[in-house]
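Visitor: Predicted coordinates and the sequence they were generated for:
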Amino acid sequence: MKSSLGQSVNISITGESHGEALVAVLSGLTPGIKVDRDYIRHCLSQRAPVGKISTPRKEADDFEILSGVFEGFTTGTPITILIRNTNTKSKDYSEMQTTARPGHADFTAEMKYHGFQDFRGGGHFSGRITAVLVAAGAIARLALKNKGIEIGTHILKCGGVSDRNFIDINEDIKSLNNKYFAVLDEKSAQAMQDSILEASRQGDSVGGVLETAVVGLPAGLGEPWFDSMESVLSHFLFSIPGVKGVEFGEGFALADMKGSEVNGSLKVVKGKIIPVNDLSGGINGGITNGDTLKFRCAVRPTPTIFKEQNTVDIKSLENKTLCAKGRHDPAIVHRVRAVVDSAVALVLCDMLAQRFGTDWALEVK
Ligand SMILES: Cc1cc2nc3c(=O)[nH]c(=O)nc-3n(C[C@H](O)[C@H](O)[C@H](O)COP(=O)(O)O)c2cc1C
């Protein structure tokens, strides 16, 4: 029954898609972080649905900070963030109350919560809950920025179309963080959006792969065994609804490569040891090696689709068919990108606090 994650920096989230509000409590963040509300709004706008490639359910995502921020700076005590749900159409779900959507969590929620779950709009399993996670993650990203640590994610693949790889990582991260549809190559961006629209016209959905890079991280974060950087990051990334695969560096492709291709080398530059061309994603032995941290997330096609599917009535135990109703994303990968950026920021703040203490991001006045 765990709804929180993190050791030294910890996040708890609550809320339902059609409930009153979503709440995040972020504990353990360094005091003295300047809380830039425009930056939080900017991060939220990258998760918000836009145009026909997203759900028609538009929410203002106005956030309230109820605690932990005083005179514009984090106090170091728990930060509570609240976002109200203002645009719910629960009627769309009344017919679907007992008809489980294949691929969604309707059936598994019934198994766990015995009919007491709030089914409206996917309830606690909805991607809607990630709004408050993104708001909290934005504050974590501000703390990282104080130390020159930047995160950027692009849609590497979507609907069968691929983006180019990272080239100039710092420039690419900068450009991605100013984009809503985070693709490096504009032609690929258009082709991906066309494939989402085509799936949507057919009442179907598409998935994709997100690739994230983090620059500016020190070597030495993470533990050798159960709290390895890969384990802790994956724990959070797999908690994001719709994420079905995580790989570090070249991931599964490493299995087909030779050691000489994967290892890269170590080099001393200006008295500092740096890894060069290591394809394992900036982590060796569970510990960051100071190179760019790189990982990918596979995001499934949205489970709710408007094609007829075979399913069951979970109360009467009858087989039946379902043509889903309601407002849904024909793809979620472009919206999950902001959630991944926030998740990695929260994990890194936790790992930095564990390594260097809670004041790791302190800017003395
Ligand atoms: C930002 C975001 C938006 C989402 N939008 C939808 C949606 O419109 N319809 C839907 O069926 N699932 C949507 N999902 C995915 C479901 O929440 C998710 O697939 C479901 O909870 C089952 O979890 P699982 O895919 O991790 O097994 C969304 C997820 C996120 C993160």
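Guide: That came through fine. Since we're looking at a predicted model, the values are computed, not measured.

Visitor: Excluding covalently adjacent residues, which one is nearest to whichever residue of the stretch 101-250 of the chain sits closest to the ligand?
Guide: Residue nearest to the ligand within the stretch 101-250 of the chain (CB to the nearest ligand atom): Gly127, separated by 2.3 Å. For every residue, glycine as well, the C-beta is placed using N, CA and C. Leaving aside its chain neighbours, Gly127 sits nearest to Pro241 (5.2 Å; criterion: CB to CB, 6 or more residues apart in numbering).

Visitor: rewinding a little: give the phi and psi angles for the residue of the stretch 101-250 of the chain closest to the ligand, as a check.
Guide: Main-chain dihedrals, Gly127, degrees, to the nearest 10: phi -60, psi -20.

Visitor: How about the worst-scoring helix or strand of the chain on mean pLDDT and the ligand, touching?
Guide: Least confident helix or strand of the chain, by mean pLDDT, DSSP states H and E, is helix 91-94 with a mean of 72. No: Helix 91-94 stays clear of the ligand (CB under 6 Å from any ligand atom), getting no nearer than 11.4 Å.

Visitor: Please identify the residues of this protein in proximity to the ligand?
Guide: Taking CB under 6 Å from any ligand atom as the contact definition, the chain meets the ligand at 55, 104-105, 122, 125-127, 130, 240-242, 300, 302-304, 328-329, 332, 335-336, 339.

Visitor: let's go with 5 Å and repeat that
Guide: Contacts of the chain with the ligand, taken as CB under 5 Å from any ligand atom, map to 55, 105, 125, 127, 130, 241-242, 302-304, 328-329, 332, 335-336.

Visitor: Could I get the contacting residues of the nearest residue to Ile149 once chain neighbours are set aside?
Guide: Spatial nearest neighbour of Ile149, chain neighbours left out: Gly216 (4.0 Å); criterion: CB to CB, 6+ apart. If a contact means CB atoms under 8 Å, 6 or more residues apart in numbering, then Gly216 has 144, 147-150 as its contacts.

Visitor: Derive a PyMOL selection command for the buried subset of these.
Guide: Buried members of the contacts of Gly216, defined by 16 or more other CB atoms under 10 Å, are picked up in PyMOL with:
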select buried, resi 144+147+149+150
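
Visitor: now the strands: where do they sit in the stretch 101-250 of the chain?
Guide: Here the stretch 101-250 of the chain has its strands, by DSSP state E, counting those that start in this stretch, at 150-158, 161-162, 208-215, 243-248.

Visitor: got these as a markdown table, with mean pLDDT and distance to His42 columns?
Guide: Formatted as a markdown table, the strands of the stretch 101-250 of the chain follow (pLDDT from 0 to 100; distance: least, CB to CB, whole Å):
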| stretch | mean pLDDT | distance to His42 |
| --- | --- | --- |
| strand 150-158 | 98 | 13 |
| strand 161-162 | 98 | 26 |
| strand 208-215 | 98 | 18 |
| strand 243-248 | 98 | 23 |
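
Visitor: Could you export those to a markdown table, including columns for distance to Arg37?
Guide: Conversion of the strands of the stretch 101-250 of the chain to a markdown table gives the following (distance: least, CB to CB, whole Å):
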| stretch | distance to Arg37 |
| --- | --- |
| strand 150-158 | 19 |
| strand 161-162 | 35 |
| strand 208-215 | 24 |
| strand 243-248 | 28 |
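
Visitor: Where does pLDDT dip in this structure?
Guide: Where the chain drops to pLDDT under 70, the residues are 1, 92, 95, 364-365.

Visitor: and with 80 instead?
Guide: Scanning the chain for pLDDT under 80 picks out 1-2, 89-96, 363-365.

Visitor: Enumerate every residue touching Glu16.
Guide: For Glu16, the contacting residues are 118, 120-121, 123-124, 126, 129, by CB under 8 Å, 6+ apart.

Visitor: make it 7 Å
Guide: By CB atoms under 7 Å, 6 or more residues apart in numbering, the contact list for Glu16 reads 118, 123-124.

Visitor: Repeat that for Asp350.
Guide: 6-9.

Visitor: Which of the residues you listed sits closest to the ligand?
Guide: Gly6 (19.2 Å).

Visitor: so how far is Leu156 from that closest one?
Guide: Distance of Gly6 to Leu156, given as CB to CB, to the nearest Å: 27 Å.

Visitor: neighbour count winner among those two?
Guide: Leu156 (24 against 21; other CB atoms under 10 Å).
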